[in-house]
Every structure is written in structure tokens, then in C-alpha cells.
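K.L.:
structure here, sequence nowhere to be found:
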């Protein structure tokens, strides 16, 4: 398995990955609150992914094996010195194999090299698996909030950790 920064040549593989991750996890899976088939197909479109891969405030990473994307992570600049881990997704069938951790390590290394001092992540309050995963990586709870996701009110916990 290799973890690296994603580029425009990954558009098709990322699109396939998002659709596969959605199919495996389903709409009731933690991390997909408020998502619909329509919304996922839009997020998996090559046009949408191109806009993300060319956004200067984002950095996307992929874990791949034999030209297949197994996992994805993204960082988004939110303020000077701070970045948001705006997502880590691993195929449900591969959870527990260290892919998410490797994605975070690559994202953390990039963030530190770019001069960020803090990483924040938001996840659903009920997503105990994600919260435990982030705590294992050194994140601590900063606060709870409620956000509107596609018309659904979602309770989120915001976690953060210092870098390096």
C-alpha cells in the first residue's frame, strides 16, 4: 500500500472509490449523516473532484494498492496556523487495517511541513468509532456544535491536536 498526495490523474479512481465506499457503508453509516444517493453521486463526479483537487486551500491524500484507492483523507486550511482534517474515509471492508492511521500520518507530515500548528476534525457525536480513532491519534475534544447538513441538523464534536 502507498499513501500519497492525490493529483488530477486520480480523478477516475477517486470517483470509483467514493461510490464504492458509499455502497459498502450505506446511508445510515456514521460519517454519512444527511447524505443521499444524489449527493454522493455529485461528490463522486469527476467535475466536483476536479474542483477539489485544484482548490489551493485543500490537500487530498489517497491510500492505494494496485491502482485501486482504498482510502482518502483531506486537509483544508481554516485559518493561519490551523488546518481541518475534513475527512478520512476508508472502505468499510478494510477498516481496522491501519489505512486511516497511515492517511493521517501523511496528512500530519504535510501540515507540519506547511507550518500548521494545529489540526481540527469534526465528526458526529454518535460516531463513537471515529471519536475513538481520533483520540488514539492524539486529538482531544474542543467543543460540540450543531450544523445543518443537507437539511438535517447534525450534532458534531470538534476535536483538535497540536502538531508536529
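P.N.:
Looks like it came in fine. All of these numbers come straight from a predicted model, not from anything done at the bench.
K.L.:
got the buried residues for the lowest-mean-pLDDT helix or strand in the chain?
P.N.:
Lowest on mean pLDDT, DSSP states H and E among the helices and strands of the chain sits helix 37-43, with a mean of 76. Residues of helix 37-43 classed as buried: 40, 43 (neighbour count, 16 or more other C-beta atoms under 10 Å). Using the backbone N, CA and C atoms, a C-beta is placed for each residue, glycine as well.
K.L.:
do stretch 86-104 as well
P.N.:
Neighbour counts over stretch 86-104 (16+ other C-beta under 10 Å) mark 86-91, 94, 99-104 as buried.
K.L.:
kindly report the same for stretch 53-69.
P.N.:
By 16+ other C-beta under 10 Å, the buried positions in stretch 53-69 come out as 53, 58-64, 69.
K.L.:
got a markdown table for those, with secondary structure, distance to residue 47 and pLDDT too?
P.N.:
Converted to a markdown table, the buried residues of stretch 53-69 look like this (DSSP: H, G, I helix; E, B strand; the rest coil; distance: C-beta to C-beta, whole Å; pLDDT from 0 to 100):
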| residue | secondary structure | distance to residue 47 | pLDDT |
| --- | --- | --- | --- |
| 53 | helix | 11 | 94 |
| 58 | strand | 15 | 94 |
| 59 | strand | 20 | 96 |
| 60 | strand | 15 | 96 |
| 61 | strand | 21 | 97 |
| 62 | strand | 19 | 97 |
| 63 | strand | 24 | 97 |
| 64 | strand | 22 | 96 |
| 69 | strand | 18 | 96 |
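K.L.:
which of those residues lies closest to residue 110?
P.N.:
Residue 110 lies nearest to residue 59 out of the buried residues of stretch 53-69, by C-beta to C-beta, at 6.0 Å.
K.L.:
and the gap between the closest one and residue 51?
P.N.:
From residue 59 across to residue 51, the span is 14 Å (C-beta to C-beta, to the nearest Å).
K.L.:
show me where this protein has its strands.
P.N.:
Ranges of strands in the chain, per DSSP state E, are 2-5, 58-65, 68-79, 82-90, 118-124, 140-149, 152-162.
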